[in-house]
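[1] Sequence first, then the predicted structure, then my questions.
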Amino acid sequence: MQETRLKVIEMLRLRGPQTVEDLVRAVKLTRTAVTTHLASLQADGFVAKGGLRASGRRPSVTYALTTAADALFPKAYEEFASIVLAELTRNGAGDIKRLLKRIGDQWIARDLPRVEGASGKARLERVKAILAERGFMPTLHRTRAGYTLREHTCPVMRLAFEHVEICDMIHRWLEALFGVALKRVQCLRQGDPFSAYTITVVPGASR
């Protein structure tokens, strides 16, 4: 995001709802420039009109951050999770395997109802949509043998680099959603440009 828009967002986080005039003084831009940036941030869903504030002869509109803007600020979730997993590993491999199995079971319980009852290409597309929502940037390719699923990103890449068991958990989750066995033929963790799985059996309506 442009540096100036980040400054606008920072001011709104630090000072709460602000008018255009407030932001003009804070970020030292023209009124037109501030209005343009606010319009863009509203279109992206990060800023919304927050109400009116008494100002001179008529009230001024204030602008405030939406809950979606929280994603723009640094988070320590991944680092914290890495430390937790490292501590579990020190206590023995069994602890982390049991933990990841429970997490995998939760993922399956959360997402499986969305694909149950679907079969063939329809089920493939539903699983692909779930993967997209979870941040895996998936693509599905038809092959002579069936299909190839590619994941171009991994939302837990840093953790997977440190703990291969996470890749195994994701693999098990995918097989539960597709309802068939998958063969992993490429992996981001191993330096490949994407993770890839071959699907040689078209999923049925149930596993």
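    Alright, I've got the coordinates. Computed from a prediction, not measured in an experiment: that's the story for all the values here. Residues are numbered from 1 along each chain as shown.
[2] helices or strands up against the host helix or strand of I170?
    Using DSSP states H and E, I170 sits in helix 165-178. Here helix 165-178 touches helix 93-111, helix 120-133, helix 157-162, strand 195-199, going by 3 or more Cβ pairs under 8 Å, 6 or more residues apart in numbering; DSSP states H and E. C-beta coordinates here come from the backbone N, C-alpha and C atoms, glycine included.
[3] between those, which one is nearest to V47?
    With distances scored as Cβ to Cβ, the stretch of the helices and strands packed on helix 165-178 nearest to V47 is helix 120-133 (23.9 Å).
[4] Packing partners of the closest one?
    strand 138-142, strand 147-151, helix 165-178.
[5] Go ahead and confirm F161 touches Q190.
    No: counting by Cβ atoms under 8 Å, F161 sits too far from Q190 to count as a contact (10.0 Å).
[6] ok, those two, which is more surrounded?
    F161 (15 against 11; other Cβ atoms under 10 Å).
[7] ok, now how distant is the more buried one from I103?
    17 Å (Cβ to Cβ, to the nearest Å).
[8] cool, C187 as well?
    In terms of Cβ to Cβ, C187 sits 19 Å off from I103.
[9] neighbour count winner among these two?
    When neighbours are counted by other Cβ under 10 Å, C187 and I103 differ, and C187 comes out ahead with 18 against 13.
[10] give the contact list for that one.
    By Cβ atoms under 8 Å, 6 or more residues apart in numbering, the contact set of C187 is C167, S195.
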